[in-house]
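*Asks:* Pasting the sequence and the predicted model now:
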Amino acid sequence: VADAGPLRLSGKRIGLTAVVLAVLLPALLPTLEPFPLFDFGVGSGRGKGNNSISISNPIVSLRGELSLPGNAEVLSYTTSDNLPRYLRTYALDIFDGQQWTMAGPSGLPEDRISRGPLPPPPGQGREVPATSVTTRITVSRALRNLEFLPLPYPPSRVEIEGDWRPDRDTLMVFSTENTAEGTTYTVVSDEPRPTAERLRSAASPPQQIIDRYLQLPRNLPREVRDLAVRETGGERNHYEQAIRLQEFFTSKGGFVYTLAAQGHDGQALTDFLIRNKAGYCEQFAASMAVLARVLGIPARVAVGYTGGSRSGDRWQVRTHDSHAWPELYFEGTGWLRFEPTPAGLTGQGSATV
């Protein structure tokens, strides 16, 4: 049932004061609080005309949208194969033991999407079969100040008016001059279709991937490290380990889905994994990414939306479809989505493994 109440959404409206992020230089992003805040308010303003961008805390915004009493439409889309797609907005790559953050994206002038295809997806080789899918997305006019585009991964071409640029490392697409509210844009994505055998035989990742996506704090609790090894049954193959981790969260570990849980700092991580085993997508995504890194699998946390639900000839995405999930890296294939959050009536309904 459509929400009949007033629609108040914002791409950067919830939680902490926004910080300014330089486009061409690395910069500090907002802290992702271990205990999310619930006060609503717009960030510190936009940096138009000076190659800067103001963004909010993605995890705080995620919790805020999932907790809204109404369930308003955020966007709708169609796909060339009529199948739903997760739409990623942010990729968080830094875990310091207390919070997940992300390195500042870099948008080079020569990479403007109006000039042609996006840079190739990191790690995805040409020998891997891929399916080309075209997605046409219409963003609600009420989703204000959206400066990062929700996109199926990995995008290879985006058609949208304005000055939008991809970050080469993550393929997040953002703008310092434009926002996406009320906009319709088209995305072509070349989705890898690797076999299980190809993933089992994947080569070691390059050093730059290891250095960035395997970092863990030295004080990560020992019981968390032991859990990663124990629940993967001594498997040494990264693909099999990833599958075991996903099954641990979705079917074998006794986890339950609830919005009452808070945080993913060191203590909250241990409580979630070993003691209470209750949380929502923030805890599931953050925890699987940490356990994957313990096992030597490069991992990051994606924030965006699930595929939503069918509405006539379109897919409709609402605030309660806001989501976080882990992406794991396999050399030759690149980054793949995994889904540790329970789905269906007892979980986040529109999540899919």
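*Replies:* It's in.

*Asks:* can you map out the strands along the stretch 1-150 of the chain?
*Replies:* 9-10, 19-22, 52-55, 73-79, 87-92, 94-95, 100-101, 130-139, 143-144 (DSSP state E, counting those that start in this stretch).

*Asks:* Now residue 292: which helix or strand?
*Replies:* Here residue 292 sits within helix 281-294, counting by DSSP states H and E.

*Asks:* closest to residue 311 out of the strands of the stretch 1-150 of the chain?
*Replies:* strand 73-79 (7.1 Å; CB to CB). All C-beta spots, glycine's among them, are computed from the backbone N, C-alpha and C.

*Asks:* what stretches of the chain score poorly on pLDDT?
*Replies:* For the chain, the stretches flagged by pLDDT under 70 are 1-57, 60, 262-266.

*Asks:* Stretch 152-163: end-to-end distance?
*Replies:* End-to-end distance of stretch 152-163: 20 Å, with CA to CA, to the nearest Å as the criterion.

*Asks:* Now residue 247: phi and psi?
*Replies:* Torsion angles at residue 247 (phi, psi; degrees, to the nearest 10) stand at phi -70, psi -30.

*Asks:* just to revisit the earlier point, counting contacts, what elements does the helix holding residue 292 pack onto?
*Replies:* If contacts are counted by 3 or more CB pairs under 8 Å, 6 or more residues apart in numbering; DSSP states H and E, helix 281-294 sits against helix 58-67, strand 94-95, helix 222-231, helix 238-247, helix 266-270, strand 299-305, strand 322-330.

*Asks:* any idea which of the strands of the stretch 1-150 of the chain is most buried?
*Replies:* Mean neighbour count (mean count of other CB atoms under 10 Å) peaks for strand 87-92 among the strands of the stretch 1-150 of the chain, with a mean of 25.

*Asks:* Which residues does that strand contact?
*Replies:* 32, 58-59, 75, 77, 100-102, 137, 148-153, 170, 172, 300-305, 307, 317, 327 (CB atoms under 8 Å, 6 or more residues apart in numbering).

*Asks:* Give me the buried subset of those residues.
*Replies:* Buried members of the contacts of strand 87-92, counted by 16 or more other CB atoms under 10 Å: 32, 58-59, 75, 77, 100-102, 137, 148-153, 170, 172, 300-305, 307, 317, 327.

*Asks:* Just list the residues touching the spatially most central residue of the chain, thanks.
*Replies:* For the chain, residue 302 is the residue whose C-alpha lies nearest the centre (CA atoms, centre = their mean; 1.5 Å). Counting by CB under 8 Å, 6+ apart, residue 302 makes contact with 86, 88, 90-92, 153, 285, 324-327, 337.

*Asks:* what about 10 Å?
*Replies:* 58, 86-92, 153, 170, 172, 285, 289, 323-327, 335, 337-338 (CB atoms under 10 Å, 6 or more residues apart in numbering).

*Asks:* go on, residue 110?
*Replies:* With CB under 10 Å, 6+ apart, residue 110 has these contacts: 116, 119, 165.

*Asks:* just to revisit the earlier point, what's across from the residue nearest to the centre of the chain in the sheet?
*Replies:* residue 91, residue 325 (DSSP bridges).

*Asks:* and the end-to-end length of stretch 267-274?
*Replies:* First-to-last residue span, stretch 267-274, CA to CA: 11 Å.

*Asks:* now swap in stretch 139-151 and tell me
*Replies:* 11 Å.

*Asks:* Likewise for stretch 269-287?
*Replies:* For stretch 269-287, the end-to-end distance is 7 Å (CA to CA).

*Asks:* Quickly note the distance from the closest residue to residue 169 other than its chain neighbours to residue 219.
*Replies:* Excluding its sequence neighbours, the residue lying closest to residue 169 (CB to CB, 6 or more residues apart in numbering) is residue 122, at 6.4 Å. Per CB to CB, to the nearest Å, residue 122 is found 29 Å from residue 219.

*Asks:* which of these two has more neighbours?
*Replies:* Counted by other CB atoms under 10 Å, residue 122 and residue 219 do not tie: residue 122 has more neighbours, with 18 against 9.

*Asks:* these two touch, right, that one and residue 335?
*Replies:* Yes: with contacts counted by CB atoms under 10 Å, residue 122 reaches residue 335, the gap being 7.2 Å.

*Asks:* intersection of neighbour lists for these two?
*Replies:* Residues touching both residue 122 and residue 335 by CB under 10 Å, 6+ apart: 154, 170-171, 209, 329.

*Asks:* Can you name the residues that contact residue 253?
*Replies:* Contacts of residue 253 (CB under 10 Å, 6+ apart): 227, 231, 245, 247, 273, 277, 340.

*Asks:* Tell me the one of those residues nearest residue 96?
*Replies:* For the contacts of residue 253, the nearest to residue 96 is residue 273 (17.8 Å; CB to CB).

*Asks:* Residue 192: which of the helices and strands packed on helix 281-294 is closest?
*Replies:* Among the helices and strands packed on helix 281-294, the nearest to residue 192 by CB to CB is strand 322-330 (9.1 Å).
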